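Chemist: Here's my sequence, what's the structure:
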Amino acid sequence: MNKSTFDLSLYLVTDSRNTSDEEFDRIVESAVQGGVTLVQLREKTCSSRKFYEKALRLKRILSCYQVPLIINDRLDIALAVDAEGLHIGQSDLPYSVARKLLGPDKIIGLSVETLEDVKLANSLDIDYIGVSPVFSTPTKTDTAAAVGLDGSAAINQLSVHPSVGIGGINKENVASVIESGCAGVSLVSAIMSAVNPASAASELKEIILKSKRIL
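Modeler: Numbering: from 1, shown residues only. All right, here's what the predicted structure looks like:
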């Protein structure tokens with residue numbers, strides 16, 4: 001897969017709490033069938049072996065749809081399963097180390113929380129930034145205060161990289177996040193907890209595409 005063609009529009013971040021492996025795989029595949037363009041596997045509590053096995057399964061599923069698999073934080077897992085990319089935060093492994101080990105052809109995203117973070121990110125050849133968090137969210141508690149739509153707009157005006165909005169995004173506010181300059185949005189519960197993940201993804205994708213046409 002050529003990393004230059006990856007699409008940030010509808011970026012699913014997984015949450016496997018309270019789901020079996022079979023249900024988890026079904027939800028993610030259904031979401032991709034509904035229009036998800038990128039999937040990030042995030043596992044903060046499971047063992048390395050479990051993380052690796054889950055990543056292998058997702059890699060097989062996503063490759064059928066030409067959807068990139070991004071691993072959150074764990075460079076070792078990304079390398080072990082030959083994932084298409086890695087997403088890191090400000091306190092994770094330094095970008096320079098990640099790029100050196102992954103090579104030039106892998107996607108690397110970096111979360112930014114302040115304008116200072118963006119200025120530093122502008123000096124790096126990362127592939128995208130995550131504006132984190134746009135709104136407060138119960139699914140991720142280790143982030144700074146929400147930047148809001150004005151903060152997102154300021155970050156996007158300063159950034160030389162495309163961005164994905166992260167945190168508290170749903171079908172009611174997704175259009176406003178795109179309108180603030182984000183190339184896409186990253187969601188967890190709006191898709192993972194939906195009764196019909198494919199339908200939820202399809203509805204979100206339609207809103208996103210409509211918002212981009214307006215812009």
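Chemist: how many other residues sit next to E23?
Modeler: Neighbour count for E23, taken as other Cβ atoms under 10 Å: 11. Backbone N, C-alpha and C define where each C-beta goes, glycine included.
Chemist: secondary structure class for it?
Modeler: helix (DSSP: H, G, I helix; E, B strand; the rest coil).
Chemist: pretty sure Y11 contacts L187?
Modeler: Yes: Y11 lies in contact with L187 (Cβ atoms under 8 Å); the separation is 7.3 Å.
Chemist: mind checking pLDDT for I27?
Modeler: Turning to I27, the model gives it a pLDDT of 97.
Chemist: What residues does the closest residue to it other than its chain neighbours make contact with?
Modeler: Spatial nearest neighbour of I27, chain neighbours left out: P197 (5.0 Å); criterion: Cβ to Cβ, 6 or more residues apart in numbering. Shown in contact with P197 (Cβ atoms under 8 Å, 6 or more residues apart in numbering): I27, V28, S30, A31, G34, I191.
Chemist: Mind pulling the model confidence for P197?
Modeler: We have a pLDDT of 97 for P197.
Chemist: do the one 4 residues further on as well
Modeler: In this model, A201 is scored at 98, pLDDT.
Chemist: Can you get me a residue count around the nearest residue to it once chain neighbours are set aside?
Modeler: Residue nearest to A201 in three dimensions, not counting chain neighbours: G34, with 3.1 Å by Cβ to Cβ, 6+ apart. If you count neighbours by other Cβ under 10 Å, G34 ends up with 21.
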